[in-house]
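Asker: Predicted model follows, preceded by the sequence.
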Amino acid sequence: MKRNTILTIIALAIFAAAILLADSTLGRFTVRILNLSGIYIILALSLNLLNGFTGLFSLGHAGFMAVGAYVSALLTMSPAQKEMNFFLAPIVTVLRDVQLPFPLALIAAGAVAGLVAVIIGVPALRLRDDYLAIATLGFAEIIRVLITNAQTLTNGAQGLKGITKYSTTTVVWICAILAVIFMLALVRSSYGRTMKAVRDDEIAAEAMGVNVFKVKSTSFFISSFMAGIGGALLGHLITTIDPKMFTLMLTFNILLIVVLGGNGSITGSVLGALIVTILMEALRFLDMPMNILFIKTEGLPGLRMVIFSILLMAVVLYRQRGLMGNKEFSWDGFFGLFSRKDKAAKGGRA
Amino acid sequence: MDIATFFQQLTNALSLGSLYALIAIGYTMVYGILRLINFAHGDVFMLGAYFAFYAITAFAMPWGVAFIVAIGLTGVFGMGLERLAYRPLRDSPKISVMISAIGASFLIENVGIVLFGGRPKSFPSIALFDTVVRFGSISMLSVSLFIPVITVVILGILLWIVNKTKTGLAMRAVSTDLDAARLMAIDVNRTISLTFGIGSILAGIGGIMWTMKYPQLNPLMGIMPGLKCFIAAVIGGIGNIQGAVLGGFLLGFIEIMIVAFLPELTGYRDAFAFVLLIVVLLAKPDGLLGKNQTVKV
Amino acid sequence: MIRTESVYMRFGGLTAVADLNIDIRKNEIVGLIGPNGAGKTTAFNAITGVYKPTEGRILFKGTDVTGAKPHKITDLGIARTFQNIRLWKDMNVLENVLVACHLRMNVGVIASTLHTPKYLAKEKHARELAMELLDSVGLADQAGEAATSLPYGKQRRLEIVRALATEPSLLLLDEPAAGMNPQESLELMEFISSIRDRYDLTILLIEHHMQVVMGVCSRMYVLDYGVTIAHGTPDEIRNDPKVIEAYLGVD
Ligand SMILES: Nc1ncnc2c1ncn2[C@@H]1O[C@H](COP(=O)(O)OP(=O)(O)OP(=O)(O)O)[C@@H](O)[C@H]1O
Ligand SMILES: [Mg+2]
């Protein structure tokens, strides 16, 4: 027990130091990957809460991210910046003059996304499992259409440019770590158990006094709140947003992370987020023109996504449990991994 | 709006509704038999259009032959898809199968981008479909008249297959109870494969007719029609062929008519289907023609 | 305690339960018997809110609960087990019971997640209660095992424990002895009357083998094709010609 606590503290300390030093020591490309991974951890956890822990298959994540990204961007921009962005039609007056500090805007982003989720959830969560997938996808699409058309509120298809870059490594990773801690605390609590009960057998859960609709709504709210925060952080990382960013493709990436890491595993989502983000950036060259020795390739846009689609299908077809199954990391499990290998190396005497 | 424009819009709605209906049938058949949303169905529709395009432009086939080849290829492709992406997961949790379907859909789209290029292509003009037909003050492309007629003919053939042939009987048996069908010595795999084949053929025909009417091809062209047609199938009562047709026409009419009567809503056009879906499901959870089903406990 | 007034349950053309009128007083153990497909489980489903009765009223402790949501009904004090065992398969034995304890813990998502002292105290209490209940059926040693890895008989007992954890006043048991040998069934029936006394319960028990329940039930209702063909004491039922006819070829 004691050993594990010490190990955890050491690991966290090293990690904290690395995060604090990252911005000043690492190259821009590496920092970007690091930050994207942090954001994807939040997003993957939020989808995993629905998909892996509550058994709700939702495809609407991009929509909630969009809500969060727009809310936070609009709330942090100065009136002057807004004026520059909204050159086709002026922004509505209520929004023109508000400017909030970033932490408040971030919370507002989560809250509005959560609120939208509750409104959507009332009808959608009554639907049968696979209808829910289509309905949430539909709602995400409706959100996108609304954003594209609400010129005076969102600047429509032009999107927003010049969003302040608040998503530093420290900010992103503090949020990511809070998200991990929050998820661990939630899924290990009594309430978290009722979520798993809903996932495993809804009828039995309801019969044992679990208010299934309420549990689903709560899970949907929390998940969307986190998605809103993730979306806001993403906006403040890449500093431009537009409705085209938030398509099913984005939801697909997050789904890939969750499935790869293991549906119902927090550790899995963290690992999955790291792996997918790194691969995603590392394979970016595939889409671009390049010179390999004397051979010039045009670059094949789409090839990167081909690889990710194949990866997703390979996981569902050949390793449905993903990397972690629904297990979590523990030091004992970690050392067990080595000692088992030791035993194997000694010719299986044990 | 004068009466001529109204009729103009009506024919538009009729042809769009027919196309939706054709694609919706594929969803409904597959869902009926496997309880699976074949997310890749819209992409099969896209492939149908591209197959025809390449058959004409690259292989210089006359359009009639090209269409038949393309439709055949789409059918084979659909069967292959089932074999590779769905059959191995037949006993897996629903979520896994759905994820596989989404993966397949993205795979086809992105392979499409790699192979066909991301830039839109224009379908060569075919005189028979591109003629302008006039009735008094109404004018339209001949293809808008062909589409509903072809749809009705295909629907007739399909209903005959499902209701009158042995294969159709097997399909109905599998969709009622897969395990019982197996016990009755029905070749379940073959039946499912055929269902995918037929559904994909319909998607292929839909894809080709779609490009006759809207002659722009791009690898992502199947996403929106795909989603909408699934919705049409759900609205009509999934698993029910007549329901899919009803849902398809309903959706086609609503889209065209709302835009015609309330042009300020044009930008929201792609959202109508989803709004309609939610309204219908709340009022009738099993769709307009669906049977009410309670889960046995 | 519980009374149904002319409850009908129809599925399409099929009337699974017709004109059901049962009336059970506090602390009784009553049997609901009948051949396969008689409508016994359907009656349970109507009482527990899984299905909304097509017609009729259900009164629990004098209040009308017809068509209420199942979790509401459990909250009011009716708990049940399932004929085709429905344990949560990805949870261990203890967790299965703890989920059922949640109802009476009265903690929301926020207190749960923050692990407030109040929550921790309730969680501790719930664990004690769960272990005590598991101990009473001899499952305490297997608390950490996957629920579905237990042998069949133990899974049935776990279902009963899980229902008890919701602290009900009326317990509905759907074929709790299914798949058990005569010796085990006998023990189970003793266990059932012992929990009635210990937890001050009223029990309605489904069984399709009459002999099993004769010993524990003070009264029984017999269903056949949805219709209540007889009710009375075990002795009255045993000699009822209609019952004998319905069971001919079954038992
Ligand atoms: N959800 C449903 N939809 C349609 N029919 C149903 C449904 N639930 C039950 N039935 C039908 O109602 C009838 C009664 O079934 P029920 O399960 O209540 O019988 P039972 O008395 O519990 O039988 P057993 O001893 O086999 O458990 C059966 O014919 C069954 O098929
Ligand atoms: Mg039964």
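Answerer: Thanks, I have it. Given the structure is predicted, the values throughout are model-derived calculations rather than measurements. Ligands and ions are numbered 1, 2, ... in the order given.
Asker: quick one, strands of the stretch 251-350 of chain A?
Answerer: A:290-292, A:295-297 (DSSP state E, counting those that start in this stretch).
Asker: mind listing what C:Asn21 touches?
Answerer: Residues in contact with C:Asn21 (C-beta atoms under 8 Å, 6 or more residues apart in numbering or on different chains) are C:Arg3, C:Thr4, C:Glu5, C:Ser6, C:Val7, C:Thr228. All C-beta spots, glycine's among them, are computed from the backbone N, C-alpha and C.
Asker: so which helix or strand takes in B:Leu73?
Answerer: For B:Leu73, the host element (DSSP states H and E) is helix B:63-81.
Asker: I'd like to know which elements that helix is packed against.
Answerer: Under the contact criterion of 3 or more C-beta pairs under 8 Å, 6 or more residues apart in numbering or on different chains; DSSP states H and E, helix B:63-81 touches helix B:41-57, helix B:188-213.
Asker: Inside helices: which ones of the contacts of C:Asn21?
Answerer: Judged by DSSP state H, helices contain none of the contacts of C:Asn21.
Asker: Drop anything exposed from those.
Answerer: Buried residues within the contacts of C:Asn21, counting neighbours by 16 or more other C-beta atoms under 10 Å in any protein chain shown: C:Thr4, C:Glu5, C:Val7, C:Thr228.
Asker: Go through those and name the one nearest B:Ile161.
Answerer: B:Ile161 lies nearest to C:Val7 out of the buried ones among the contacts of C:Asn21, by C-beta to C-beta, at 44.6 Å.
Asker: Enumerate every residue touching that closest one.
Answerer: Taking C-beta under 8 Å, 6+ apart as the contact definition, C:Val7 lies against C:Val17, C:Asp19, C:Leu20, C:Asn21, C:Ala43, C:Ala46, C:Pro53, C:Glu55, C:Gly56, C:Arg57, C:Ile58.
Asker: In PyMOL, how would I select the buried members of these?
Answerer: To isolate the buried members of the contacts of C:Val7 in PyMOL, using 16+ other C-beta under 10 Å:
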select buried, chain C and resi 17+20+43+46+53+56+58
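Asker: Could you export the buried ones among the contacts of C:Asn21 as a markdown table, including pLDDT and distance to B:Val44?
Answerer: Conversion of those to a markdown table gives the following (pLDDT from 0 to 100; distance: C-beta to C-beta, whole Å):
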| residue | pLDDT | distance to B:Val44 |
| --- | --- | --- |
| C:Thr4 | 95 | 53 |
| C:Glu5 | 94 | 55 |
| C:Val7 | 95 | 49 |
| C:Thr228 | 94 | 55 |
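Asker: Quick check: the farthest pair among the residues you listed?
Answerer: The widest separation within the buried ones among the contacts of C:Asn21 (C-beta to C-beta) is 12.8 Å, between C:Glu5 and C:Thr228.
Asker: just to revisit the earlier point, strands - which of the contacts of C:Asn21 land there?
Answerer: Among these, DSSP state E puts C:Arg3, C:Thr4, C:Glu5, C:Ser6, C:Val7, C:Thr228 in strands.
Asker: where's the second one relative to C:Arg10, distance?
Answerer: C:Thr4 sits 15 Å away from C:Arg10, going by C-beta to C-beta, to the nearest Å.
Asker: For the helix holding B:Leu73, what is the distance to the chain centroid?
Answerer: With C-alpha atoms, centre = their mean, to the nearest Å as the basis, helix B:63-81 stands 14 Å off its chain's centre.
Asker: buried residues in it?
Answerer: Using 16+ other C-beta under 10 Å as the test for burial, helix B:63-81 gives B:63, B:66-67, B:69-71, B:73-75, B:77-79, B:81.
Asker: do stretch C:19-39 as well
Answerer: Result for stretch C:19-39 [16+ other C-beta under 10 Å]: buried residues C:20, C:22, C:24, C:28-35, C:38-39.
Asker: Quick check, the residue in the stretch 51-200 of chain C closest to ligand 1?
Answerer: As assessed by C-beta to the nearest ligand atom, ligand 1 sits closest to C:Gln83 within the stretch 51-200 of chain C, at 5.4 Å.
Asker: For that residue, which residues are in contact?
Answerer: C:Thr41, C:Asp174, C:Glu175, C:Ala178, C:Ile206.
Asker: Select, from those, the two members most distant in space.
Answerer: C:Thr41 and C:Ala178 (11.6 Å).
Asker: So these two - more neighbours on which side?
Answerer: Neighbour totals were compared for C:Thr41 and C:Ala178, and C:Thr41 leads with 21 against 18 (other C-beta atoms under 10 Å in any protein chain shown).
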